[in-house]
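Participant: kindly generate the corresponding structure for this input.
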Amino acid sequence: MLSQANIDEIRRLGLTMMKARAIREIASAEVEGRLPSVREAERDPWGVARELTGMWGVGEWTAELAVAMVHP
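Facilitator: A predicted model of the protein is given here:
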């Protein structure tokens, strides 16, 4: 499970330290129920984008792209 993997394990997949840490942060947020749902993104896309940028390694562009993928 990515949320429990250590950074070095994730890096062995060919990722940088920063990307490995960001992926683990997102995986942990999902497991812990902190990741916003698709329904929340549909209801308040800009609010969800702001919430996503509060997670380690998620920038504004990435958060807006993620919301755009689910928002009609």
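
Participant: tell me the centre residue of this protein?
Facilitator: The residue lying closest to the centre of the chain (Cα atoms, centre = their mean) is I26, at 3.8 Å.

Participant: which residues touch it?
Facilitator: 35, 55, 57-58 (Cβ atoms under 8 Å, 6 or more residues apart in numbering). All C-beta atoms are positioned from the backbone trio N, CA, C, and that covers glycine.

Participant: longest helix anywhere in this structure?
Facilitator: Scanning the chain for the helix with the most residues, using DSSP state H, yields helix 17-31.

Participant: buried set for the very next helix or strand once past it?
Facilitator: Per DSSP states H and E, the first helix or strand lying C-terminal to helix 17-31 is helix 38-43. Within helix 38-43, the residues that count as buried by 16 or more other Cβ atoms under 10 Å are A41.

Participant: one more: stretch 41-51?
Facilitator: Buried, per 16+ other Cβ under 10 Å, within stretch 41-51: 41, 45, 48-49, 51.

Participant: and stretch 59-68, by the same measure?
Facilitator: 62-64, 66-67.

Participant: take those residues and keep only those in helices.
Facilitator: 62-64, 66-67.

Participant: how about those residues, which pair is most distant?
Facilitator: Across those, the longest distance by Cβ to Cβ is 9.9 Å; it joins T62 and V67.

Participant: need the overlap of contacts for those two.
Facilitator: L52.

Participant: just how off-centre is the helix or strand encompassing D8 within its chain?
Facilitator: Counting by DSSP H and E, the element that carries D8 is helix 7-11. The chain centre lies 17 Å from the centre of helix 7-11; the measure is Cα atoms, centre = their mean, to the nearest Å.
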